[in-house]
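A.B. asks: Sequence first, then the predicted structure, then my questions.
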Amino acid sequence: MLKLISDKCFFAIKSLLLLKKTLYFCGMTNYNEISKNVANDLLQIKAIKLSPANPFTWASGIKSPIYCDNRKTLSFPKVRNFVCDAFAEIIKQKYPNVDVIAGVATGAIAQGVLVAEALNKPFIYVRSGAKKHGLENLVEGHLENGQTVVVIEDLISTGGSSIKAVEALRKAGAEVLGLFAIFTYGFKIAAGNFENANCQWETLTNYETLIDSAFASGYIGKNDIEQLKKWREDPEGWDKK
């Protein structure tokens, strides 16, 4: 009897928490609140750093006033859970009948698993390159021909690696419904690449929202905003002007 009552209480509490979460996300108009919350979180946990005066150097050699490492979200349960819940709720609204969740290696594997778990969906991931031994798989996990897939990414820069993953899934027989990422720099080339690949895509937050949040919090000043805007317009030539 005690166990039965305990089980009933557990499921009642769980149902209330799920209802609260649903109402919370449904109340966010046009995802504006999600975007602001994620931008603030990324700044607070230093997943994104802004430093126009002392720019970072990317692997490509480009000098940049912004550095992004969204893998840090995994180290902060509150942020990690919010990102996961946001992905899950948006996917449920836009693609309620999706069959499989896919993560892009390596940055989005863990986040993809969390989203798949939240949606109770199978998970697969896409390698950056095929294995050089065994079956030489590019797509890891069980995927059946014709299954619908939503792809999870951590960051969109030019979109090149993301589209490569999408094409690998299509080649493996999947119907890719769309791709969701945590953050985008908002480069025009990315939008063009996704359009050419005929792939729908969205991000939880973006460059403009991030800059607005950073300015509102006093993280950056007006002069910094100008430099950040100029960099986004011409990232390769920004440090040469």
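C.D. replies: Sure, I can see it.
A.B. asks: Could you use CA atoms for every contact and neighbour count after this?
C.D. replies: Will do.
A.B. asks: So Asn97: helix, strand or coil?
C.D. replies: coil (DSSP: H, G, I helix; E, B strand; the rest coil).
A.B. asks: Now it: phi and psi?
C.D. replies: Main-chain torsions, Asn97, degrees, to the nearest 10: phi -100, psi 20.
A.B. asks: okay, now it: neighbour count?
C.D. replies: Other residues lying near Asn97 total 11 when counted by other C-alpha atoms under 10 Å.
A.B. asks: That one and Phe180, how far apart?
C.D. replies: Relative to Phe180, Asn97 is positioned 16 Å away (C-alpha to C-alpha, to the nearest Å).
A.B. asks: before we move on, what about Ala197?
C.D. replies: The spacing between Ala197 and Phe180, counted by C-alpha to C-alpha, is 15 Å.
A.B. asks: Can you pick out the residue with more neighbours from those two?
C.D. replies: The residue with more neighbours, out of Ala197 and Phe180, is Phe180; 22 against 13, by other C-alpha under 10 Å.
A.B. asks: from what I can see that one touches Phe194, true?
C.D. replies: No: when contacts are counted by C-alpha atoms under 8 Å, Phe180 is not listed as touching Phe194 (12.0 Å).
A.B. asks: Residues in contact with both of these two, list them for me.
C.D. replies: By C-alpha atoms under 8 Å, 6 or more residues apart in numbering, Phe180 and Phe194 have these common neighbours: Trp201.
A.B. asks: Now name the helix or strand holding Phe180.
C.D. replies: If you go by DSSP states H and E, Phe180 is part of strand 175-184.
A.B. asks: Pull the residues that contact that strand.
C.D. replies: If you take C-alpha under 8 Å, 6+ apart as the criterion, strand 175-184 is touched by 70, 83, 87, 95, 98, 146-157, 166, 169-170, 199-207.
A.B. asks: I'm done for today, thanks for sticking with me.
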